[in-house]
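# Predicted model and sequence below, questions to follow.
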Amino acid sequence: MSGCSPQEAAVRSGSTAATAGRGKPERSGEQRGRENREAQQQSSLPGQNRGATGWDVNISMSVKAFELVPAVEREQLMGEKVRIGIECIECCGQHLYVGTNDCFIHHFLLEERSTKGRLTYSSQKLLQKFLGLKKPVAELKAASALERLIILCDGTVSLVDMVTLEPVPFGGAKVKNVIAFCVNENPVTADPFCVEMAVVSARRRAVQIFTVHEDRVQMLKEVTTPEQPCALSVDGYFLCLALPTQYMILNYSSGASQDLFPYDSEERKPIVKRIGREEFLLAAPGGLGMFANAEGISQRAPVSWSESVIGAAVCFPYVVALDEGFVTVHSMLDQQLKQTLSFREGHILQNFEGKVVVSSTKAVYVLVPLPLEQQIQDLLAGHRVEEALTLAEGAQRNIPKDKFQILHKRILQQAGFIQFGQLQFSEAKEHFRKGQLDVRELISLYPLLLPASSSFTRCHPPLHEFADLYHLAQGDQEKVQRCKRFLISYLREVRSSESTNGFREDVDTALLKLYAESGHDSLLDLLASNNACLLADSAPWLEKHHRYFALGLLYHYNSQDALALQLWVRVVNGDLQDSTRADLFEYVVDFLSYCSNLDLVWKYAEWALQRDQKIGVQIFTKRPVSKEQTAQLNPDEVVKYLEKHHQALVLYLEHLVLENKVQKEKYHTQLAVLYADRVLGLLTRPAATEEQLCSARRKLQHLLRESDLYRVQLLLGKLQDSELLLTERATLHGKLEEHDKALNILVHQLKNCRAAEDYCTWASQDQDQAYRQRLFHQLLSVYLDPDVPGGTQTVEAVDLLNRYSDIFDSAQVLELVPEAWSLTLLRPFLCGALRASVHARRTAQVALALAQAENMQLQHDRLKYRGGPVFMSEKRGCQLCHNTFREPDFVCLPGGTPVHTHCATQRLRDSPTKRSQLDHGHTCNHT
């Protein structure tokens, strides 16, 4: 019934599960229970082991899977106290915790012993703790990462120390009004030092999600339920709830829910057990043990057990169930009953990380799984690999560790090759990984992939029956390609792990060959990263498949840059064909810019510049700064070398001057001269466009403004005769502090008043206010000069005064302006100047008055506190630094608290907002 819903499985299994494979009529759960008991009585033979709980009996069983071994005897737990009974148990490693109905927690240490091949347990009682209540201890859960024990008693969840059993002394470590709780074994939080817990609230129809920390319990979320749950389990975001009338799956993150099947909790106790990731075991009607995953689907066939089951657990591959008188063991593989153990007064059955513990109300036992080596060997002989794996994993604890590891790894490897042959690659990969397969076993199936120098020989006896890949594929090329794609993906994963230590060359060389053959994009990533590809094996393979760019990378990785460049240049020139990179020329230039071999750089620089100056010059401009002098290029040599490549020279000088900010006059002058020559050349060229000329002039103007290192007179001489470059000439005059000439050019020749004002702003950058004021006064004088053609520029002068009124000296302005100007014309300027003057005067008056008031207040406070003495001794400490006083000088805070004078000064300097704390202090000289 794999893949059906639990509702369908419950209906079908009621009529089919009990009779599957046996051909017998349908029987009810009670009938099956009676038949089991009758068979037990009929099979009782002399010499059977009878323990405190009854007969240990195998009734028509195909496998003796478990043996019942005492762990904690009645006398160890309760002595002579008859009324004391076990309510709950928890096992964490060797530590066993037992909660009883008299509100005690008992802590035992379980020690495993092997006597004549039989496993026994001895227990040592370490501690017992009374919780101080009159209620039974309902539930125990260990949080080993926190060293805490989570306890449910009297409707309250609390924390105690796992070692001392003392309560955690924090108020936030309790949750009240709780019916039941469970711990999330698959937590969704990333914090390894907290435990997730789901709690059923007693006061509302809801389940609350908590995180349990070392000292507190914090609620994360509350999710409502249709009815109040009576049992629950949790895995990740999924809650499996037993409601009074049905089971359901609830995703507490999304709120999505899935009803499973009806169930009457009043007739029998519900069972909800998490058995794996997003999978649960439930007690269904009709005496069925149902499996349900997080989607509400039963992907396993149900097991048929007694209708009176009170506890269940999964010890893979078995389902163990406890009813009123028996422990039954069913196989999860074929759902058949394998073993029945008599166990009277059964009360609790739980699986603690593979250790199945069963208890009555008086004693605790362990169900010890018996060896399954022979079963595993039989399954392997019949090629039932998956079942062998399942049994081997289930029998792990019963086989010596070293022997189990060898056996398990070999089974996994064989399973991987069987599934590989069936093209089940994902399963094969997982088995190879878990079995720690020597990947060369897999590579050796592919002819010619292993290097000729490899010393690998296949395992004996062999792990598979294939001679090679072509034998496996039987001529099917599609199979061959699929197998090669699988090997690529597997090798990519393997090479990133430590499992290839010692034969990394074999793995990387094989991967390179597969990449080259298939044209895989990851070939370049492999060669560009840390790799162990063998050059002798890889180079011919890359040449064979025309992967010349990749071959160059391989040469480079093996420190053979000359061969790499020679190969790439031939590809760029068209002598070799390889379309791997359309931008191979740019890549070669970039490679040369990082190349530490300067001989190679100079050798291929001319080739690159002749091909494209703009890209080729990047060999020099993109070159990083190196600490090794042998890898550095001398800029003077580069400039001299580039003189025959005009465009490249300009770009390199721009790199030095504008990007790297090299402070050398000759570079700045040479670049400025080249810019000027470019502009002058465009002016005389009829075919030059306006856009070209504007772009060239912008570059020249920017350099002239920003640089202070070029030879100004030289540039001025070159541009002096050009009447079209007035802005540039004005900038050069400004560099010579000839502001009058610059302003006359801008105002009278260029007739650009806005440019003149911008010039004044630029020329006065990083200068004081007086310099700036003088420059604007000079511009005003140029506007008001009557001896120039056109006469006085009244409108421009008035606009200048109004725009920059805060810069001008009002008195000087009144001396400069013509007497014929009306007051109305100057009114905006005068109002602004007067307002600024009045504001400055009043601000100064306010500041003076505040200072006087502060001084008066300080004098008042000083007189106020001077009247009372301040007692000082060598033992008294400073309130700020807590050191004692070694000098008689100190400062008193308000209230008479003494502090060091340097401490008070530092406090005022570092914390201006706290100045008021010390403003009222006064310096004393008391001892």
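Nice, I can see it.

# in which helix or strand would I find residue 283?
strand 279-284 (DSSP states H and E).

# So which elements touch that strand?
Using 3 or more CB pairs under 8 Å, 6 or more residues apart in numbering; DSSP states H and E, the elements in contact with strand 279-284 are helix 6-16, strand 231-235, strand 238-242, strand 272-276, strand 288-293, strand 311-315. Every residue, glycine included, has its C-beta placed from N, CA and C.

# what are the ranges of the helices in the stretch 351-500 of the chain?
For the stretch 351-500 of the chain, applying DSSP state H, counting those that start in this stretch gives helices covering 373-381, 385-394, 401-421, 425-434, 439-443, 469-473, 477-495.

# How about residues contacting the second one?
Contacts of helix 385-394 from elsewhere in the structure, counted by CB atoms under 8 Å, 6 or more residues apart in numbering, are 315-318, 333, 369, 372, 375-376, 379-380, 399, 404, 407-408, 411-412, 414-415, 418, 431.

# Equivalent analysis for the fourth one, please.
When contacts are defined by CB under 8 Å, 6+ apart, helix 425-434 is touched by residues 389, 412-413, 415-417, 419-420, 439, 442, 482, 486, 489-490, 493.

# tell me, which of the helices and strands packed on strand 279-284 is the model least confident about?
For the helices and strands packed on strand 279-284, mean pLDDT drops lowest on helix 6-16, to a mean of 45.

# Need the distance between the two termini of stretch 155-173.
The first residue of stretch 155-173 is 14 Å away from its last residue (CA to CA, to the nearest Å).

# Please work out the average pLDDT along it.
Here stretch 155-173 scores 87 as its mean pLDDT.

# Figure out which of the helices of the stretch 351-500 of the chain is closest to residue 307.
For the helices of the stretch 351-500 of the chain, the distance to residue 307 is smallest for helix 385-394, at 26.9 Å, taking CB to CB.

# Tell me what angle the closest one forms with helix 425-434.
With axes from the mean of the first three to the mean of the last three CA atoms, to 10 degrees defining the directions, helix 385-394 sits at 40 degrees from helix 425-434.

# can you redo the helices and strands packed on strand 279-284 as JSON lines with distance to residue 73 and mean neighbour count?
Below are the helices and strands packed on strand 279-284 laid out as JSON lines (distance: least, CB to CB, whole Å; neighbours: other CB atoms under 10 Å):
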{"stretch": "helix 6-16", "distance to residue 73": "39", "mean neighbour count": "19"}
{"stretch": "strand 231-235", "distance to residue 73": "30", "mean neighbour count": "24"}
{"stretch": "strand 238-242", "distance to residue 73": "33", "mean neighbour count": "26"}
{"stretch": "strand 272-276", "distance to residue 73": "27", "mean neighbour count": "20"}
{"stretch": "strand 288-293", "distance to residue 73": "30", "mean neighbour count": "25"}
{"stretch": "strand 311-315", "distance to residue 73": "21", "mean neighbour count": "22"}
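
# In TSV: those, plus distance to residue 468.
Formatted as TSV, the helices and strands packed on strand 279-284 follow (distance: least, CB to CB, whole Å):
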stretch	distance to residue 468
helix 6-16	46
strand 231-235	45
strand 238-242	47
strand 272-276	39
strand 288-293	41
strand 311-315	42
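
# Please identify which of those is closest to residue 259.
Per CB to CB, nearest to residue 259 of those: helix 6-16, 8.0 Å.

# Now restrict the contacts of helix 425-434 to buried residues only.
Buried residues within the contacts of helix 425-434, defined by neighbour count using 16 or more other CB atoms under 10 Å: 389, 412, 413, 415, 416, 417, 419, 420, 439, 442, 486, 490.

# Can you tell me the closest non-neighbouring residue to the fifth one?
This means residue 416. residue 431 (3.6 Å; CB to CB, 6 or more residues apart in numbering).

# Now do residue 751: how many residues are near it, please.
Neighbour count for residue 751, taken as other CB atoms under 10 Å: 12.

# Am I right that it is in a helix?
No: counting by DSSP: H, G, I helix; E, B strand; the rest coil, one finds residue 751 to be coil, located in no helix.

# confidence score at residue 779?
Looking at residue 779, its pLDDT is 86.

# got a list of what it touches?
743, 747, 756, 757, 760, 800.

# Among the residues you listed, which lie within helices?
Of the contacts of residue 779, the ones assigned to helices by DSSP state H are 743, 756, 757, 760, 800.
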